[in-house]
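> below is the sequence, then the predicted model.
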Amino acid sequence: MKRISLKKEGVSAQEFLSFYRWFKFYVKSFYQGKTKEEQKIIALKEKHTLRVCQEIVLIGKSLGLDLPQLFLAKTIALFHDVGRFEQYEKYGTFRDAHSENHALLSIKTLKHKKILQNLPLSTQEIIYNAIMYHNVRLLPKGLLPEIEFYSKLIRDADKLDVLYVFVMHYEKPFSSKSTIELDLPEGEGYSSAIINDILNNHISDLQLMQCKNDMKLMLLSWLFDINFLPTLKEIKKRGYIEKIISYLPQTEDIRMVKRHLEKYLERTLKSS
């Protein structure tokens, strides 16, 4: 595949190793004094981060990134959710609306600890911005090419693993607590607004979620915010769409959503 044309920003293998060691040491402190149930939740976020590092390399290699670019991507992945640990420590939730924006908290942590201070300012800017934009509903227009590219890359890698996490959770719940599902209540219903967003090829708004079925629909709407062909191929290969739909009520609405998403995926893969 043709190599992506970007400015020669990058991170060395040694720099990434230093970041990785700090990350492991930092996260370890959050396990202390916690119940086994709480430790499982912290471990879930730690493992998510490490898998996102793998996913971002998988996508990046398919896009032709060189080693310094791949280590820059891995650095963004390593730190994109570092604020989650303080968020859970302070608020006992991962729902930003009930606590604070975890991306901004991640940036605040990195700046406070001076983790990136030895990198060039231009590289720091890419990392901070990619983290800041990894969880917004839509990317703003007019971003610098490097910031836009790495923001899209972390968004794809993050979504790829979050889909995996939820599929695994639906098959066998990770925890008796509902923290992973943002403390949303059970229920057989679902939001018609999210259904309409999907049928109109829109990524839906988190604020529309009222129950756990809405979370499943929200995940499905992410298909319309995937930026790179290798990510779409992985979603199809792993069968995430079908698996999530199988845990929704089998109504005509849901069958319509299933047909729409399958056609969208097939059409997009064919035309790319």
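The structure has been received and is ready for your questions.

> make it CA atoms for all contacts and neighbour counts henceforth
Will do.

> measure residue 233 to residue 241 for me?
Residue 233 sits 12 Å away from residue 241, going by CA to CA, to the nearest Å.

> the two: which has the busier surroundings?
Neighbour count, other CA atoms under 10 Å: between residue 233 and residue 241, residue 241 has more, with 21 against 14.

> pLDDT value on that one, please?
On pLDDT, residue 241 comes in at 96.

> likewise the one 3 residues further on?
With respect to pLDDT, residue 244 has a value of 98.

> residue contacts, residue 115?
By CA atoms under 8 Å, 6 or more residues apart in numbering, the contact set of residue 115 is residue 19.

> which phi and psi does it have?
Main-chain dihedrals, residue 115, degrees, to the nearest 10: phi -70, psi -30.

> what's the pLDDT at it?
Value listed for residue 115 in the pLDDT field: 98.

> residues touching the closest residue to residue 203 other than its chain neighbours, list them.
Excluding the flanking residues, the one nearest residue 203 by CA to CA, 6 or more residues apart in numbering is residue 221, at 4.8 Å. By CA under 8 Å, 6+ apart, the contact set of residue 221 is 194, 197, 198, 201, 202, 203, 204.

> quick one: mean pLDDT over the helix or strand that residue 221 is a member of.
Per DSSP states H and E, residue 221 falls inside helix 212-221. Helix 212-221 shows a mean pLDDT of 97.

> same question, stretch 118-134
98.

> also stretch 77-94?
For stretch 77-94, the per-residue pLDDT averages 96.

> start to end distance for that stretch?
18 Å.

> name the surrounding residues that touch that stretch.
20, 23, 27, 30, 42, 45, 49-50, 52-53, 56, 99-100, 102-109, 130-131, 134, 154, 158, 179-180, 182-183.

> are any of those residues buried, and which?
For the contacts of stretch 77-94, a neighbour count by 16 or more other CA atoms under 10 Å gives the buried set as 20, 23, 27, 30, 42, 45, 49-50, 52-53, 56, 100, 102-107, 109, 130-131, 134, 154, 158, 179-180, 182.

> those residues in helices, which ones?
Assigned to helices by DSSP state H, the following of these qualify: 20, 23, 27, 42, 45, 49-50, 52-53, 56, 102-107, 109, 130-131, 154, 158.

> quick one: the helices in this structure?
13-28, 36-62, 67-79, 83-91, 102-112, 121-133, 145-171, 192-199, 212-221, 229-238, 240-245, 252-271.

> any chance of JSON lines for the ones you listed, columns distance to residue 139?
Shown next, in JSON lines, are the helices of the chain (distance: least, CA to CA, whole Å):
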{"stretch": "helix 13-28", "distance to residue 139": "26"}
{"stretch": "helix 36-62", "distance to residue 139": "18"}
{"stretch": "helix 67-79", "distance to residue 139": "16"}
{"stretch": "helix 83-91", "distance to residue 139": "20"}
{"stretch": "helix 102-112", "distance to residue 139": "14"}
{"stretch": "helix 121-133", "distance to residue 139": "7"}
{"stretch": "helix 145-171", "distance to residue 139": "8"}
{"stretch": "helix 192-199", "distance to residue 139": "18"}
{"stretch": "helix 212-221", "distance to residue 139": "16"}
{"stretch": "helix 229-238", "distance to residue 139": "18"}
{"stretch": "helix 240-245", "distance to residue 139": "23"}
{"stretch": "helix 252-271", "distance to residue 139": "20"}
